Structures are given as C-alpha cells and as structure tokens.
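Asks: starting from these lines, generate the structure:
(one chain, ligands or ions: 1)
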Amino acid sequence: MSKVKILLDESEIPTHWYNIVADMPNPPAPPLGPDGNPIGPDALAAIFPEALIEQEMTQQRWVEIPEPVREAYKLWRPSPMFRARRLEAALGTPARIYYKYEGVAAAGSHKSNTAIPQAYYNHKAGIKRIATETGAGQWGSAIAQAGQFFGLDVKVYMVKVSYQQKPYRRSLMQTWGAEVVASPSKDTQAGRNILAQDPNSPGSLGIAISEAVEDAASRADTNYALGSVLNHVLLHQTVIGLEAKKQFQLVGDYPDIIYAPCGGGSNFGGVAFPFLTDKWQGRDIRLVAVEPISCPTLTKGHYAYDFGDVAGMTPLMLMYTLGHDFVPPSIHAGGLRYHGDSPLVSQLYHEGHIEARAVPNLGTFEAGVMFARAEGIVPAPESCHGIRAMMDDALECKKTGEAKCLFFNLSGHGHFDMSAYDKYFAGEIQDYAYPEEEIKRSIARLPQVKRPESP
Ligand SMILES: *Cc1c(COP(=O)(O)O)cnc(C)c1O
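Replies: Predicted structure coming up:
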C-alpha cells in the first residue's frame, strides 16, 4: 500500500536546534542602536531573558533543547509529514508533493515551537508577565498557551483588523488566560499617538510591536516576546526542517523545491535552514519564500537598516523592508502583513542562497480551497500562499512531464479563519494591487544610518 502519513516516534524529537549562523558564508550584519553603532547584549536585557539574548547572538552550530521544552513538544511533536497523493491526483501532476503539517499544535500553527521555549526561559529567569503583539492571532494563541504552561501572565496587543475579523482567536487566548486588547490601544503612549492621528487605524504588526515593547520596557516584572523575525525564533523553528529530513529519509525521497509562506520568516527559516546546509554541500535544492503581492517585502522591498516597529523603539536591523511605517492592505493572511523580514532570511536572499516569490490574494484562496477538498485540512490563509506557489509549479510539471519532488510547510490550520473563506465564497476577496506609491513614500522615510564595514 502506498504511504500517506510519514510519522516519527516521540523519541525522535530533535535534541538540538540548528543554528544557520554557524554555516553562513558571511557573518550576519549586527543590529544597531539609535546612535548607529552595533548594540551589545545589554541593550536587549530590559525586555529579553539572558538565555534568549545568548541564542540571538550565538555562533554555535547546535543549541541544546532543554528537557522541559522537549517534554512540552511531546504534546504534538514530531509533527506528521504527508505525501499529498490525493492532491497530486486532483492536479493530474507527475510531481511528488509532500507537506509537513504544523497545525497539529493545540494553538494551531508552527508558532508554538518558539512560544514554548520563550515562555520556559522567561519563567526560568524569574519573569512573571509577557507583553506581546499578534497579527492574525496565531502567535498570541501560542504564547497564551505557553504562558499558561509555565505560569506567566500574558498581555496581547492584537492588530485591530484581526481583533474584529477573528473574535474566536481572542476567546481562545482568553481561555488560556491571556488579556487581549485591540491595537492601536489606549493602554500605551505609542497606541495613543496613532489613535490621535487616525482614530480608525486598522492597526499593523509594526504598531502592535511598539505597544508591546513599550509595555515590557516600562515594567520590571514584564518581558517582551516576538513570534518571528529574530534569530532565536528562527533557531527554535528548525525542529520542523530537522524532523522533515528524517521523514524524507524514511521514504527514501528528497525535495527538489521547498516552499513556505513568509511573513517574518520563521516558518520558512525553520523548514528551509536545515536543508540549506545540504545545498551548500552541493545538493541541488531550491528554497522559496512566498509572500503576498500586497506586502511584498522580499520581492519589492529595500535591503536597508530599519526599525522593527512603527514607533522606532526596536534596534535597527539590516533587512528587506517596505519602511517601518508602511501599513499593508487588510488582507486576511494577517501573519504576512509585516513591513520587514528576518535579518537572516533577508541576508540569505540578498546573497542569492534562497528565492522569493509573490502571489496574488485571490489565487491563494483558490489554492487553499482546492487543497482542502483534496487533502481534507483547511489551511490558514497564510499557509495558502505556500500552497499557491507549490501548486503553480506542480501544474508546470504537468505541462513538462517532469516528476519533481515538491515540499511545503503547511504552517497552520484555518479553523479560526472561516470568515475569510466565507468572503471568498461570497466573491468578496479582491486582488490588491502592489501598493507602489505608498511603499515609495515609506521607503523615503527609512532611517539614515551608515552600514558598518563587513568584518
Ligand atoms: C505567523 C504565521 C505565518 C507567517 O509567519 P512567519 O514568521 O513568516 O513564519 C505563516 N503561517 C501561519 C499559519 C502563521 O501563523
């Protein structure tokens, strides 16, 4: 019988995270302080625990996963990999399609892979409370649950448009004990400033990050937690790719192309980085980060030093950016509405090791519905971006007769996104144009700093 589910035993949960920094051809560009000089660990100590700051800066290739984190991972890891035989048949493609399914986490996405260790390290450092932001609600749910596991209070600044679109994401976070407010909120100076300019602001991840960072920086018992972008977050997500490599070994196959939706870059980095080392050792493999045309950070952004948030409270990071005050259209893939991208993913893209592709909004829902009808799982709107790109290539294989091996990370399920699917069925989902003029204006407001000489 032909295999569909490719499963690993609990004992095969990785014991170490993989750190791409150890193998990158060029060292990562350092984050800069407001004075334009590289920042040291001290600058981050007000909002992050020491263990995570160390992981943010480490060059060590393998970082041990603490036992309590592996214990919590056991609730859903190793995550299953599937051979999408029914989708292959529906598309009539000779391509072999595989996907890793991260929606088996209770909170519904890959975000729990980093929420658990972040809550663990903060608890261990004596922190009592976490302030954070959430776009689509996936990260907020993951950290709410993780906070509950390790005895932390959690306050979530939820991007207003998602707060309105997804009331049950809010209920879910509350069930796990978190306090949730719509961002921009009146609880912070950053939020009040935005509301004074635009009382109807739909919010953005950049705004919500400013609020959460301000909250964390102003209270000694509170730290900040970020669900993507930073090096330590991508590090934690490598459990996805490390498991996937073992799963491919089990079936004696190997991907030609890997796809993942890309917002801040954590699930892409998580699935792709463990395979990138194979590429550097001569293996023929392509790694594709997929983003929305309406928020085209890698494909249309500038590679420059910029803030991670609207108010300019974070360190400056060298990354692809649309400008820190760019507010993307209110698409339903809220997890992909971020103006910047992980500095590691950005640098690897800039140096030509990975690829990026932008896909249209309507096409992502079309792909998601087709996937759900063939495979059963209803994908999160973010995940639909990776599916779209993969499906385009699978259909190309159908034309050329090539039997390529295509692998994508199904980053989460869409059970709390059914209002978006409703809109798609009602014909109310539009294709947003690439917001060229607005991006030009926000790029013109990029902070002017000199890039440090590469070492
Ligand atoms: C957050 C999220 C993404 C995108 O975020 P990355 O930081 O790029 O990983 C993709 N899919 C789902 C389901 C998400 O929750």
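Asks: residues near the nearest residue to Arg77 once chain neighbours are set aside, how many?
Replies: Nearest residue to Arg77 in three dimensions, chain neighbours excluded: Ile13, at 5.1 Å (C-beta to C-beta, 6 or more residues apart in numbering). For every residue, glycine as well, the C-beta is placed using N, CA and C. Neighbourhood size, Ile13 [other C-beta atoms under 10 Å]: 19.
Asks: shouldn't Ile13 be in contact with Ala72?
Replies: No. In this structure Ile13 lies outside contact range of Ala72 using C-beta atoms under 8 Å: 10.3 Å.
Asks: briefly note if the helix or strand where Met391 lies comes near the ligand.
Replies: Secondary structure from DSSP states H and E places Met391 in helix 381-400. Yes. Counting by C-beta under 6 Å from any ligand atom, the ligand has neighbours in helix 381-400: 382-383.
Asks: on that earlier part again, OK, contacts around the residue nearest to Arg77?
Replies: 65, 70, 73-74, 77-78, 239, 243 (C-beta atoms under 8 Å, 6 or more residues apart in numbering).
Asks: now the buried members of the residues you listed.
Replies: Buried residues within these, counting neighbours by 16 or more other C-beta atoms under 10 Å: 65, 70, 73, 77-78, 239, 243.
Asks: neighbours of the closest residue in space to Leu226 that isn't next to it in sequence, how many?
Replies: Distance criterion C-beta to C-beta, 6+ apart; nearest residue to Leu226, sequence neighbours excluded, is Val233 at 6.4 Å. Val233 has 29 neighbouring residues, counting by other C-beta under 10 Å.
Asks: now Pro68
Replies: 15.
Asks: relative to Leu226, how far out is the residue nearest to it when sequence neighbours are not counted?
Replies: Nearest residue to Pro68, sequence neighbours excluded (C-beta to C-beta, 6+ apart): Tyr120, at 5.8 Å. According to C-beta to C-beta, to the nearest Å, Tyr120 stands 16 Å off from Leu226.
Asks: what about the two, which has more around it?
Replies: Between Tyr120 and Leu226, Leu226 has the larger neighbour count (other C-beta under 10 Å), namely 25 against 22.
Asks: what's stretch 234-242 in contact with?
Replies: Outside stretch 234-242, the residues that touch it by C-beta under 8 Å, 6+ apart are 13-14, 17-20, 55, 63, 65, 73, 77, 79, 100, 102, 110, 113-114, 117-118, 265-267, 269-275, 342, 344-345, 409.
Asks: filter the residues you listed down to the ones near the ligand?
Replies: Residues of those in contact with the ligand (C-beta under 6 Å from any ligand atom): 265-267.
Asks: ok, and the most crowded of those residues?
Replies: Counting neighbours by other C-beta under 10 Å, the top entry in these is Gly265, with 34 neighbours.
Asks: tell me the contacts of that one?
Replies: Contacts for Gly265 (C-beta under 8 Å, 6+ apart) come out as 228-229, 234, 289, 341-342, 344-346.
Asks: so the closest residue in space to Val156 that isn't next to it in sequence, which of the three states?
Replies: Once flanking residues are discounted, Val156 sits nearest to Gly140: 4.1 Å by C-beta to C-beta, 6+ apart. On the three-state scheme (DSSP: H, G, I helix; E, B strand; the rest coil), Gly140 is labelled helix.
Asks: name the helices or strands packed onto whatever helix or strand Glu133 lives in?
Replies: Assigned by DSSP H and E, Glu133 falls within strand 129-134. When contacts are defined as 3 or more C-beta pairs under 8 Å, 6 or more residues apart in numbering; DSSP states H and E, strand 129-134 packs onto helix 112-124, helix 138-149, strand 153-159, helix 205-217, strand 222-224.
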